[in-house]
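Engineer: Provided below for reference: sequence and predicted model.
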Amino acid sequence: MSSTYKVQVNKLPVVEIATGQSKTLLQALEAAGVVLEYHCRTGFCGACRSTLKSGAVDYLNEPLAYIRPGEILPCVCIAKSDLVIDH
Amino acid sequence: MRYTTFNQTNVNPLGEPMFFGNSVNVARYDQQRHPIFEKLIEKQLSFFWRPEEVDVSRDRVDFQSMTDSEKHIFISNLQYQTLLDSVQGRSPNIAFLPIVSLPELETWIETWSFSETIHSRSYTHILRNIFTDPGSIFDDIVTNEHIRKRATDISKYYDDLIFYVQLLQVHGVGDIEIDGEVHDVSIRNLKRKLYLCMNSVNALEAIRFYVSFACTFAFAEREVMEGSSKIIRLIARDENLHVTSTQHIINLWQHGDDDPEMKEVAEECREEAFNIFVSAVEQEKEWASYLFENGSMIGLNKEILCQYVEYIANLRMQAIGFEPHYKQISNPLPWMNKYLVSDNVQVAPQESEISSYLVGQIDSEVSAGDFGDFDL
Ligand code: FES
Ligand SMILES: [Fe+2]
Ligand SMILES: [Fe+2]
């Protein structure tokens, strides 16, 4: 098991983020220099809504914003694998 | 079709649509068709705050040292916010409660509307502190032509739905003639009116309010009117939740996860709903011209505010299934986000219900301005 996951956002260069639960996907991507839209950062506004092209995520907090199948809220989830997302 | 306050028909709430089913009888939440609304209620209650807890006393001095054009921007913006919350404090109750069919949604509507009344009271709190007698500021809301024009745009979809529901309650389904005008009071037509009204409410809270927030927070970025800004931050957090609720309702309809007829109505009314957003954007831009008619303020002018309108409209329209319509895809006011973040609440969940704690948190966070090299 590796200690990082590879994440690609919007065909930007792939970045590596640490595994584990200390940071949300939004925070992990910001730390890696990828800026996503956000407002509430707690899963209820939907501003960070993204499409998960491949990979899996786990929710730390239950999302309250509406998400369609295949969409994720990076501010309240963590990566469970390498990811490709559209934002 | 008289409304009854306790429907004695034995209905299965799990089989009811959100609206235009049987009216609600037992306020029970042990079984829910759409559990999201109870989660929104819990969230809204955890956000509870009172305007009196926020100290706005420094704003009086700040206001006195502002230029006339800045005073015009601040006061007009506050008048507009007062108008919006006057409408929101009553209309969801009057328009939606007579036709709602699920207990969890009924209670959400009441909780939502109640939070709007807190917003309304907070504008009086702000203005009482700035002026010895704020009476003329409130009086002007119903006489100022720019504000009146907005009031018409905002209330017309509510008023239309309310009128048709009244006709339905008194006369039942049919073509009803009132003062020589024939009204199509069919459930299908009422569902159309409901769909358009919900889109108009969404545009109000998701776009119009955010334009006004940008103006308030632009003052806070200059470290003036920070008491007011603290209050508007609390309001913005509530509004964010309201926006989510109407996005849920619209999406549940569009995806056929509620009333199958509402799915057809959503398709049928797609263009009209789209136009509601486009005209809200146009009206907000007109409003920006009025705000800045006497001059800009540091950090904000008509052009940037109009860009922000387009940017936020794109985001909001995408959330309910439209393609982004405007060219402004990046956020022209990046500092806005820090006023919209609410994850400070999450740091200590056990304290999140104590509003003085929240207000304190917001207090300490809003102080650092980061306008940097902004030019007029
Ligand atoms: S930033 Fe609000 S849901 Fe993610
Ligand atoms: Fe409000
Ligand atoms: Fe609201």
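Structural biologist: Perfect, thanks for sending it. Ligands and ions are numbered 1, 2, ... in the order given.
Engineer: Show the backbone phi and psi for the nearest residue to B:F19 once chain neighbours are set aside.
Structural biologist: Excluding its sequence neighbours, the residue lying closest to B:F19 (C-beta to C-beta, 6 or more residues apart in numbering or on different chains) is B:I99, at 4.8 Å. To be clear about C-beta, it is placed using only N, CA and C from the backbone, and glycine gets the same treatment. Torsion angles at B:I99 (phi, psi; degrees, to the nearest 10) stand at phi -120, psi 0.
Engineer: who in chain A is up against ligand 1?
Structural biologist: Within chain A, the residues that sit near ligand 1 (C-beta under 6 Å from any ligand atom) are A:38-41, A:43-48, A:65, A:73, A:75.
Engineer: Closest one of those residues to B:S342?
Structural biologist: A:C40 (4.9 Å; C-beta to C-beta).
Engineer: Pull the contacting residues for that closest one.
Structural biologist: For A:C40, the contacting residues are A:47, A:75, B:237, B:240, B:340-343, by C-beta atoms under 8 Å, 6 or more residues apart in numbering or on different chains.
Engineer: cutoff 10 Å now
Structural biologist: By C-beta atoms under 10 Å, 6 or more residues apart in numbering or on different chains, A:C40 lies in contact with A:46-48, A:64-65, A:73, A:75-76, B:236-237, B:240-241, B:244, B:337, B:340-343, B:345-346.
Engineer: From ligand 2, how far out is A:A79?
Structural biologist: Using C-beta to the ion, to the nearest Å, A:A79 is found at 36 Å from ligand 2.
Engineer: Where does chain A get nearest to ligand 3, which residue?
Structural biologist: Going by C-beta to the ion, ligand 3 is nearest to A:C45 of chain A, at 12.9 Å.
Engineer: residues near that residue, how many?
Structural biologist: 30 (other C-beta atoms under 10 Å in any protein chain shown).
Engineer: who does the helix or strand harbouring B:E286 touch, helix- and strand-wise?
Structural biologist: Using DSSP states H and E, B:E286 sits within helix B:270-291. In this structure, helix B:270-291 makes packing contacts with helix B:68-91, helix B:145-171, helix B:187-203, helix B:209-221, helix B:226-254, helix B:302-319, judged by 3 or more C-beta pairs under 10 Å, 6 or more residues apart in numbering or on different chains; DSSP states H and E.
Engineer: next structured bit after the helix or strand of chain A with the lowest mean pLDDT?
Structural biologist: Every helix and strand of chain A was ranked by mean pLDDT, DSSP states H and E. The lowest is strand A:15-18, at a mean of 91. Heading C-terminal from strand A:15-18, the first helix or strand you meet, by DSSP H and E, is helix A:25-31.
Engineer: so what's residue 18 up against?
Structural biologist: All of this refers to chain A. A:3-5, A:28, A:31-32, A:79.
Engineer: right idea, wrong chain: chain B
Structural biologist: With C-beta under 10 Å, 6+ apart, B:M18 has these contacts: B:33-34, B:37, B:96, B:99-102, B:104-106, B:194, B:198, B:248-249, B:252-253, B:257-259, B:262.
Engineer: Quick check on the residues you listed: which are buried?
Structural biologist: Buried members of the contacts of B:M18, scored by 16 or more other C-beta atoms under 10 Å in any protein chain shown, are B:33-34, B:37, B:96, B:99-102, B:104-106, B:194, B:198, B:248-249, B:252-253, B:258-259, B:262.
Engineer: Which one of the helices and strands packed on helix B:270-291 lies nearest to A:V15?
Structural biologist: The nearest among the helices and strands packed on helix B:270-291, by C-beta to C-beta, is helix B:302-319 at 23.6 Å.
Engineer: Buried ones in that closest one, by neighbour count?
Structural biologist: Across helix B:302-319, burial judged by 16+ other C-beta under 10 Å covers B:302, B:304-317, B:319.
Engineer: Give me the subset of those residues that also touch chain A.
Structural biologist: Among the buried residues of helix B:302-319, the ones lying near chain A by C-beta under 10 Å from any C-beta of the partner chain are B:311-312, B:315-316, B:319.
Engineer: which one of these sits closest to B:S115?
Structural biologist: Nearest to B:S115 among those, with distances taken as C-beta to C-beta, is B:R316, at 19.8 Å.
Engineer: The closest one is in contact with B:V211, isn't it?
Structural biologist: No - the criterion here is C-beta atoms under 10 Å, and B:R316 misses it with B:V211 at 11.7 Å.
Engineer: Identify the contacts common to the two.
Structural biologist: With C-beta under 10 Å, 6+ apart as the test, B:R316 and B:V211 both reach B:280-281.
Engineer: Around ligand 2, pick out the residues from chain B.
Structural biologist: On the criterion C-beta under 5 Å from the ion, ligand 2 has as its neighbours in chain B the residues B:85, B:116, B:119.
Engineer: Could you identify the buried members of these?
Structural biologist: If we count by 16+ other C-beta under 10 Å, those have these buried: B:85, B:116, B:119.
Engineer: Could you list the single helix or strand in chain B with the lowest mean pLDDT?
Structural biologist: That would be, for chain B by mean pLDDT, DSSP H and E, helix B:344-347 at a mean of 40.
Engineer: Need the contacts of A:A18 in JSON lines (columns: pLDDT and neighbour count).
Structural biologist: Output for those, formatted as JSON lines (pLDDT from 0 to 100; neighbours: other C-beta atoms under 10 Å in any protein chain shown):
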{"residue": "A:S3", "pLDDT": "84", "neighbour count": "8"}
{"residue": "A:T4", "pLDDT": "91", "neighbour count": "14"}
{"residue": "A:Y5", "pLDDT": "94", "neighbour count": "19"}
{"residue": "A:A28", "pLDDT": "94", "neighbour count": "23"}
{"residue": "A:A31", "pLDDT": "93", "neighbour count": "12"}
{"residue": "A:A32", "pLDDT": "93", "neighbour count": "15"}
{"residue": "A:A79", "pLDDT": "95", "neighbour count": "26"}
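Engineer: ok, so of the residues you listed, who is nearest A:G55?
Structural biologist: Closest to A:G55, out of all of those and judged by C-beta to C-beta, is A:A79, at 6.8 Å.
Engineer: residues touching the residue lying closest to that closest one once chain neighbours are set aside, list them.
Structural biologist: Excluding its sequence neighbours, the residue lying closest to A:A79 (C-beta to C-beta, 6+ apart) is A:Y5, at 4.7 Å. Shown in contact with A:Y5 (C-beta under 10 Å, 6+ apart): A:15-19, A:25, A:28, A:55, A:78-83.
Engineer: now do B:K156
Structural biologist: Contacts for B:K156 (C-beta under 10 Å, 6+ apart) come out as B:196-197, B:200.
Engineer: buried subset of these?
Structural biologist: B:196-197, B:200.
Engineer: Throw the residues you listed into CSV and include distance to B:S289 and pLDDT, thanks.
Structural biologist: As requested, these are exported to CSV (distance: C-beta to C-beta, whole Å; pLDDT from 0 to 100):
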residue, distance to B:S289, pLDDT
B:L196, 27, 98
B:C197, 28, 98
B:S200, 22, 97
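Engineer: Sounds good, over and out.
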